[in-house]
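J.: what would the 3D arrangement of this be:
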Amino acid sequence: MDIGRSISFIFADRSWVSKVLICGLLFFVPIIGWLLIGGYLLRLLHNVITGTEPALPEWNNWGGDIAGGLKAFVVGFVWAIPIFIIQAIGKAIDVSLLTFLITVLSWIWGAVSVSALSDLAVSGNMADAFNLRPFNRVLSNLGPYIIYLLMAIVLGILAMFGLILLVIGVVFTIAIAGFAQTHLAGQAYRISENKSATGAVARF
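T.: You can find the predicted model right below:
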């Protein structure tokens, strides 16, 4: 896992300021903006996995990004259902140890969801994300995905430092953290699948 690369590739793009700003501003647009971000990050994830680097994708596929974001939402929601059920059981039982175990399981399951989204990013087909491959991939490659999860926490904390610069700071830091986290997810997938620099083209 190249943590430095997950951040430096952003600033290597000559248009990184405008791309980050667009992403950040879309956070303030409910539903449509969030779907656009989801689809854009899905394209970025595809680029990292297939080796289409170093540039960030252009913001030039609004319709495709909305469709991709909707697919990503469905995949993420379906994979989150087991955690919703387990968390509900944990609240009903209210045992401290069980609550802790559920929290850890939920954290790890986040990597499985990301693994499923990576399958979606590669092919553009939701059916490819609904099988046991995402689970088996994480279980067989815990190292890269644990690094991904740890860095996701670190990046989330660092993104909040944007509050020091008021709203515009948050716009930049959250977007940058999201790009870096997506790059790390792509790296974890490539390591686990031993992907070559070329791959399938997603169909969004």
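J.: rest of the way, CA atoms for contacts and neighbours
T.: Noted.
J.: please list the residues outside stretch 28-37 that contact it.
T.: 23, 26-27, 62, 65-70, 73 (Cα atoms under 8 Å, 6 or more residues apart in numbering).
J.: remind me which residues of the protein are low pLDDT?
T.: 53-54, 94-96, 98, 161-170, 195-204 (pLDDT under 70).
J.: residue closest to the middle of it?
T.: By Cα atoms, centre = their mean, the chain has its centre lying nearest to Thr182, at 4.5 Å.
J.: gap between the residue nearest to that one when sequence neighbours are not counted and Val104?
T.: Distances taken as Cα to Cα, 6 or more residues apart in numbering put Leu45 closest to Thr182, at 5.8 Å, once the chain neighbours are dropped. In this view, Leu45 and Val104 are 25 Å apart by Cα to Cα, to the nearest Å.
J.: those two: who's more crowded?
T.: Legend: neighbour count by other Cα atoms under 10 Å for Leu45 and Val104, higher for Leu45 (29 against 11).
J.: secondary structure class for the more buried one?
T.: Secondary structure state of Leu45, per DSSP: H, G, I helix; E, B strand; the rest coil, is helix.
J.: next, the contact list for it, please.
T.: 118, 121, 182-183, 185-186.
J.: surely Gly90 is in contact with Leu97?
T.: No: using Cα atoms under 8 Å, Gly90 is not in contact with Leu97; the gap is 9.8 Å.
J.: so which of those two has more stuff around it?
T.: Comparing Gly90 with Leu97 by other Cα under 10 Å, the one with more neighbours is Gly90, at 19 against 10.
J.: now that one: which helix or strand?
T.: According to DSSP states H and E, Gly90 maps onto helix 62-93.
J.: how about the helix or strand following that helix, which residues are buried there?
T.: Next helix or strand after helix 62-93 toward the C-terminus (DSSP H and E): helix 96-123. Across helix 96-123, burial judged by 16 or more other Cα atoms under 10 Å covers 99, 102-103, 106, 108-123.
J.: after helix 96-123 comes which helix or strand?
T.: That would be, after helix 96-123 and using DSSP H and E, helix 133-140.
J.: give me the contacts around that next one.
T.: Residues contacting helix 133-140 (Cα under 8 Å, 6+ apart): 111-113, 115-116, 119, 145, 192.
J.: also stretch 14-26?
T.: By Cα under 8 Å, 6+ apart, stretch 14-26 touches 10, 33-34, 36-37, 56, 58-59, 170-172, 174-176.
J.: any chance of a markdown table for these, columns secondary structure, distance to Arg133 and neighbour count?
T.: As requested, those are exported to a markdown table (DSSP: H, G, I helix; E, B strand; the rest coil; distance: Cα to Cα, whole Å; neighbours: other Cα atoms under 10 Å):
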| residue | secondary structure | distance to Arg133 | neighbour count |
| --- | --- | --- | --- |
| Ile10 | helix | 30 | 21 |
| Gly33 | helix | 30 | 20 |
| Trp34 | helix | 27 | 20 |
| Leu36 | helix | 27 | 26 |
| Ile37 | helix | 25 | 25 |
| Leu56 | coil | 28 | 24 |
| Glu58 | coil | 30 | 13 |
| Trp59 | coil | 31 | 14 |
| Val170 | helix | 35 | 19 |
| Val171 | helix | 35 | 23 |
| Phe172 | helix | 34 | 22 |
| Ile174 | helix | 30 | 23 |
| Ala175 | helix | 29 | 22 |
| Ile176 | helix | 29 | 25 |
